[in-house]
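**Student:** what would the 3D arrangement of this be:
(chains A and B)
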Amino acid sequence: MNDKQEQLNNLRHSTAHLLAAAVMELWPDTLRTIGPSIDNGFYFDFEFKKPVSEEDLPKIEAKMAEILKTWTSFEREEVSKEEALKRYEGNPYKIELINEFSDQGQTLTFYKSGNYEDLCRGGHSENPSQDLGAFKLLSIAGAYWRGSEKNKMLTRIYGTAFPTKQELEDHLNMLEEAKKRDHKKLGKELDLFVFSDLVGGGLPLWTPKGTLVRELLDNFVWQLRKAKGYQKVEIPHITKRELYEASGHWDKFKNELFKITTREGHEFAMKPMNCPHHTQIFKRMPMSYRDLPQRYANTTMVYRDEQSGELAGLSRVRCITQDDAHVFCRYDQIKEEIGNVYSIVKDFYSAFGFELSLRLSLRDPKHPENYLGQDAQWESTQSQLEEFLKDNHLDYAEGIGEAAFYGPKIDFMTKDSLGRTWQVATIQLDVNMPQRFDLSYANQEGKQEVVAMVHAAVMGSIERFMSILIEHYAGAFPTWLAPVQVMIIPITERNNDYGQKLLDGLKDKNIRAELDTNPETMQAKIRVAQLQKIPYMIIIGDREQSADQISVRTRDGKTLELNNFGDFLSHLDKEVEAKS
RNA sequence: GCCGACGUAGCUUAGAGGCAAAGCACUUCAUUGGUAAUGAAGAGACCAUGGGUUCAAUUCCCAUCGUCGGCUCCA
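**Tutor:** You can find the predicted model right below:
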């Protein structure tokens, strides 16, 4: 962490103290817990005796400003366990922390400014009354004590703080801007997907335009995969319970499965993932070492019974379209296959100018019961992924406990418009499923050996990828992805026939074009096309028609320097080919 | 699932214990224009659903469903 970041964290942590001080003055019977700095600000968790609401935030902010005047420093004080416990009589949260810290042999410290002091390990602004002040309380939310749903739910107040008012204002403006690119809002405005109360929450319905974009994306992934020797497979969306008992999914995820009982009483489930189905395709006949790798690609929906409170637009749904693939290979082929997947992922995301961060998702050694297989297996698969990352000089973070229950992963993450991180692509190395399903091949000596399985998704969930893509482009898709690429706008009805001729010409070249013959002004038609973020508008009046020419406006409001229809077609061709 | 906020026309929103409003979109008529909204008229609402309080509930209360922001979970 650099100095600047540390100073910012200190500033925010100090502002969190200030928040707690204000709350304690306003409602003295409140129980304080903890208040760290976070990515874009800070929070503080309280147990209020009387509920507070967002309407109270201005009042708290005013109190904070008042108290701040008296804060000239943060004074550190070392305190004995007994003394610390005495200061927090009646606050079980602080008592729990104090006992825990002192059991670990930590020195207990308090930090005091003005009349407010709090148990705290430090990291504060040196001159609070000068440095603090550019802060804003943002929202109120519930949060479990210490992040466990077994614990009591506390009230969390989120806020943000910056060194200057200007930076605070810029940040708040950014949040406003982000709301405008919210995929839920744009999805409606651009007519990409809808939800229906009758169909149910978390089950998006895709409109013609949205479906088109999904298909274009999936085709792009397929082009990249095809070049690496993948083959398409297809599977049913339900299966007998026994398949998941064999895979281990039933044990681990039975509560999240949509279950079906047939009229004869047999138990089926909607598939929540595809790997077990794919194993049965591999298993259809004896395989030789010469047959490997078998690379199966399958874009298909999976269904998971997510808790209702977790659903969020397209980011978290109950039916997920995965662009899934499974590679069954020999152990000596693992490295190359992982390299192939990585190269597909890289090519795919760079076409959109996405920044990806990588995470090596490892198992949590403290909870072996959450994972299949033996320690030695995990050490081997984890180190293979790590080696791959190092060999390719890739920056990554380690995610302990982020592995799948059957194997470690390399996860690719990106952010939405509000800066929330989401996982998109994933590469998973799995030696457990092949054992469980007895997936083997005959080696050169004719002996049976177990295969390794590489699970790979490029977009991950198409729904989630769409949400991020919509926000990334603020709805203005690049031309190759735009549902409507060209809108033809005749200035008067006299020009409609000429417009139709141009439309036919565009359709002949497989360009997605429409003709706006509404009896509106040209300005109004331009506005509609503009709001739909259509990349190109062909505007034609008597002038263009008589000269057999066109005038082309882009959605940036510029006019293209060409007026020959043929020139425009080759301009489009080049742009779509370049995929940018 | 948990905490909190919110559900009014296709969309965005106003409203108040006593006949439910506006803009956009839609339909019709007029207008035929030069790079982000031509004008007029019309139609469109079980005010999320189910209970309760009240002479009277879209408004107040309770429950359910849904959405949003978090928390938890995420193969």
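**Student:** nearest residue to the residue in the stretch 1-150 of chain A that RNA strand B sits nearest to other than its sequence neighbours?
**Tutor:** Of the residues in the stretch 1-150 of chain A, the one nearest RNA strand B is residue A:142, at a distance of 2.5 Å by Cβ to the nearest atom of the strand. Glycine gets a C-beta too; all of them are placed from N, C-alpha and C. Residue nearest to residue A:142 in three dimensions, not counting chain neighbours: residue A:153, with 4.8 Å by Cβ to Cβ, 6 or more residues apart in numbering.
**Student:** what's the answer for residue A:364, then?
**Tutor:** With Cβ to Cβ, 6+ apart as the criterion, residue A:364 has its nearest non-adjacent residue at 3.5 Å, and that residue is residue A:401.
**Student:** burial count for the residue nearest to residue A:490 when sequence neighbours are not counted?
**Tutor:** The shortest distance from residue A:490 to any non-neighbouring residue, by Cβ to Cβ, 6+ apart, is to residue A:499 (4.4 Å). A total of 24 residues lie near residue A:499 under the criterion other Cβ atoms under 10 Å.
**Student:** so who does residue A:499 touch?
**Tutor:** If a contact means Cβ atoms under 8 Å, 6 or more residues apart in numbering, then residue A:499 has A:488, A:489, A:490, A:515, A:517, A:538, A:540 as its contacts.
**Student:** how would you label the closest residue to the last one other than its chain neighbours: helix, strand or coil?
**Tutor:** Spelled out, that is residue A:540. Taking Cβ to Cβ, 6+ apart, and ignoring the residues beside it in sequence, residue A:540 has residue A:495 as its nearest neighbour in space, at 5.1 Å. Going by DSSP: H, G, I helix; E, B strand; the rest coil, the secondary structure assigned to residue A:495 is helix.
**Student:** circling back: now which of the contacts of residue A:499 would you call buried?
**Tutor:** Buried residues within these, defined by neighbour count using 16 or more other Cβ atoms under 10 Å: A:488, A:489, A:490, A:515, A:538, A:540.
**Student:** could you check the pLDDT of the residue nearest to residue A:490?
**Tutor:** The model reports residue A:499 with a pLDDT of 95.
**Student:** repeat that for the one 5 residues further on.
**Tutor:** The score at residue A:504 is 96. That number is its pLDDT.
**Student:** any low-confidence regions in the stretch 1-150 of chain A?
**Tutor:** A:1 (pLDDT under 70).
**Student:** how about the secondary structure of residue A:174?
**Tutor:** When states are read from three-state DSSP, the local structure at residue A:174 comes out as helix.
**Student:** state the distance from it to residue A:357.
**Tutor:** The spacing between residue A:174 and residue A:357, counted by Cβ to Cβ, to the nearest Å, is 20 Å.
**Student:** and the residue nearest to residue A:142, how far from residue A:137?
**Tutor:** Residue A:153 is 20 Å from residue A:137, where distance means Cβ to Cβ.
**Student:** over to residue A:359?
**Tutor:** Here residue A:359 is placed at a distance of 31 Å from residue A:137 (Cβ to Cβ).
**Student:** which one of these two has more residues nearby?
**Tutor:** Residue environment comparison for residue A:359 versus residue A:137 gives the larger neighbour count to residue A:137, 25 against 18, counting by other Cβ under 10 Å.
**Student:** one step back: widest-spaced pair of the contacts of residue A:499?
**Tutor:** Distance extremes for the contacts of residue A:499: the farthest pair is A:517 and A:538 at 13.4 Å, using Cβ to Cβ.
**Student:** output the longest helix seen in chain A in PDB with nothing but the alpha carbons.
**Tutor:** In chain A, ranked by residue count with DSSP state H as the criterion, the top helix is helix A:3-26. Listed in PDB are the C-alpha atoms of helix A:3-26, where the atom choice follows Å, rounded to 0.1, in the frame of the first residue of the first chain:
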ATOM      1  CA  ASP A   3       1.500   6.400   1.400                       C
ATOM      2  CA  LYS A   4      -1.300   8.200  -0.300                       C
ATOM      3  CA  GLN A   5      -3.600   5.200   0.000                       C
ATOM      4  CA  GLU A   6      -2.700   4.800   3.600                       C
ATOM      5  CA  GLN A   7      -3.500   8.400   4.300                       C
ATOM      6  CA  LEU A   8      -6.800   8.100   2.600                       C
ATOM      7  CA  ASN A   9      -7.600   5.000   4.700                       C
ATOM      8  CA  ASN A  10      -6.600   6.800   7.900                       C
ATOM      9  CA  LEU A  11      -8.800   9.700   6.900                       C
ATOM     10  CA  ARG A  12     -11.800   7.400   6.300                       C
ATOM     11  CA  HIS A  13     -11.200   5.400   9.500                       C
ATOM     12  CA  SER A  14     -11.000   8.600  11.500                       C
ATOM     13  CA  THR A  15     -14.300   9.800   9.900                       C
ATOM     14  CA  ALA A  16     -15.800   6.500  10.900                       C
ATOM     15  CA  HIS A  17     -14.800   7.400  14.500                       C
ATOM     16  CA  LEU A  18     -16.400  10.700  14.000                       C
ATOM     17  CA  LEU A  19     -19.600   9.000  12.800                       C
ATOM     18  CA  ALA A  20     -19.700   6.800  15.900                       C
ATOM     19  CA  ALA A  21     -19.100   9.900  18.100                       C
ATOM     20  CA  ALA A  22     -22.000  11.700  16.600                       C
ATOM     21  CA  VAL A  23     -24.300   8.600  16.900                       C
ATOM     22  CA  MET A  24     -23.300   8.100  20.600                       C
ATOM     23  CA  GLU A  25     -24.100  11.800  21.300                       C
ATOM     24  CA  LEU A  26     -27.500  11.600  19.500                       C
END
